[in-house]
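Chemist: Show me the folded form of this:
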Amino acid sequence: MTSIQAGLALSVGQFDRIGPVTTAWLRLVWAGLVLLVLARPRRSDFTRSGLRACLALGVVTAGMMSLFTLAIARIPLGTASALEFLGPLAVSLYAGRRAGLLRWSLLAAAGVVLLTQPWRGGTDPVGIALALAAGAGWAGYILLTQRAGDQVEGLKGLAVSLPTAALVTTFFVGPAAIGSVTPSQALTGLLLAAFAPLLSFTLEFLALRRLTTAAFGTLMSLEPAIAMVIGAVVLGQFPGPVGVLGVAGVVTAGIAAIRTGARTPAVPAPAPTTDGDTAPVAAAAAAQPTH
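Modeler: Take a look at the predicted model:
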């Protein structure tokens with residue numbers, strides 16, 4: 001969480017030079033290239049379902065990173081992170097379907113109102129919409145990351161998903177923007193890619209092999225608070241007492257809701273099929289702790 005938020009905060013300086021989406025694209029390209037060299041994935045490393053999960057994860061990652069980068073170009077990092085967290089929180093609330101979860105959804109909603117403070121005017125509705133859309137992508141990212149991690153050995157899943165994300169983002173950047181990237185900006189992109197997505201996504205990929213989504217989501221509830229602190233230190237974005245209260249509301253709602261609606265571990269995978277397509281390995285999933 002610290003790695004990805006620090007990488008995002010340091011990326012803001014590139015927005016005026018090459019634009020938010022090109023900044024995200026550059027980080028994805030470098031991260032994808034590094035993982036291709038290190039992991040060296042081959043077709044024989046993947047089952048059909050595992051490869052589909054990795055490709056889908058790449059598409060979702062492209063959308064999530066591009067949308068969130070566009071959001072923090074318009075609204076403060078802490079606010080954008082808290083709004084983005086509503087995506088995983090909504091999944092947890094829906095999955096739990098317990099009456100007791102209603103109060104946590106109301107607390108999260110109150111936190112968002114305190115963060116955006118619509119009564120003050122000047123709220124950027126486009127930035128808020130972009131952060132919420134990135135939140136929907138984040139929800140899918142968590143589910144697909146765990147699925148890919150359970151089915152693909154090592155970091156080979158990321159070595160497919162990140163290059164896929166870079167390729168998808170290329171269609172939105174365009175050749176003119178790519179051609180405008182100078183060597184120094186490309187080098188800066190490599191350094192930023194080390195923070196996010198290379199280090200952060202690798203750690204998340206490994207963590208989701210060892211944790212249930214409920215435990216992982218509980219930890220990720222702290223990300224809006226981390227984003228707020230880094231935004232204040234690196235970007236000088238001080239939210240004020242009302243904003244701090246809003247972030248606290250979202251974090252508290254996330255921790256409480258996800259712990260209340262905990263998920264059971266995945267069941268073991270079926271035996272290999274007769275057409276030679278090897279079934280996913282489920283030993284790690286079966287051994288996951290349940291809090």
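
Chemist: do you know how far P41 is from F85?
Modeler: Per C-beta to C-beta, to the nearest Å, P41 is found 31 Å from F85. Where you see a C-beta, it was placed from the backbone N, CA and C, and this is true even at glycine.

Chemist: which of these two has more neighbours?
Modeler: F85 (30 against 21; other C-beta atoms under 10 Å).

Chemist: Okay, and the more buried one sits in which element?
Modeler: Assigned by DSSP states H and E, F85 belongs to helix 77-96.

Chemist: any idea of the mean pLDDT in that helix?
Modeler: Computed over helix 77-96, the mean pLDDT rounds to 79.

Chemist: do stretch 170-182 as well
Modeler: On average, stretch 170-182 scores 87.

Chemist: go on, stretch 146-155?
Modeler: Here the average pLDDT along stretch 146-155 is 86.

Chemist: Going by neighbour count, list what's buried in it.
Modeler: Q146, R147, A148, G149, D150, Q151, V152, L155 (16 or more other C-beta atoms under 10 Å).

Chemist: what helices or strands is the following helix or strand past the helix holding F85 leaning on?
Modeler: Note on helix 77-96: by DSSP H and E, the next helix or strand toward the C-terminus is helix 102-116. Here helix 102-116 touches helix 77-96, helix 240-260, going by 3 or more C-beta pairs under 8 Å, 6 or more residues apart in numbering; DSSP states H and E.

Chemist: Distance to T69 for the ones you listed - can I get that in CSV?
Modeler: CSV is the format used below for the helices and strands packed on helix 102-116 (distance: least, C-beta to C-beta, whole Å):
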stretch, distance to T69
helix 77-96, 10
helix 240-260, 20
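
Chemist: Looking at these, spot the one closest to L10.
Modeler: With C-beta to C-beta as the criterion, L10 lies closest to helix 77-96 of the helices and strands packed on helix 102-116, at 10.9 Å.

Chemist: now the closest one against helix 102-116, angle please.
Modeler: 160 degrees (axes from the mean of the first three to the mean of the last three C-alpha atoms, to 10 degrees).

Chemist: Show me what helix 77-96 packs onto, helices and strands only.
Modeler: helix 2-18, helix 48-72, helix 102-116, helix 125-151, helix 213-220, helix 223-235, helix 240-260.

Chemist: List the buried residues in the last one.
Modeler: Read that as helix 240-260. Applying 16+ other C-beta under 10 Å to helix 240-260 flags 243-244, 246-251, 253-260 as buried.
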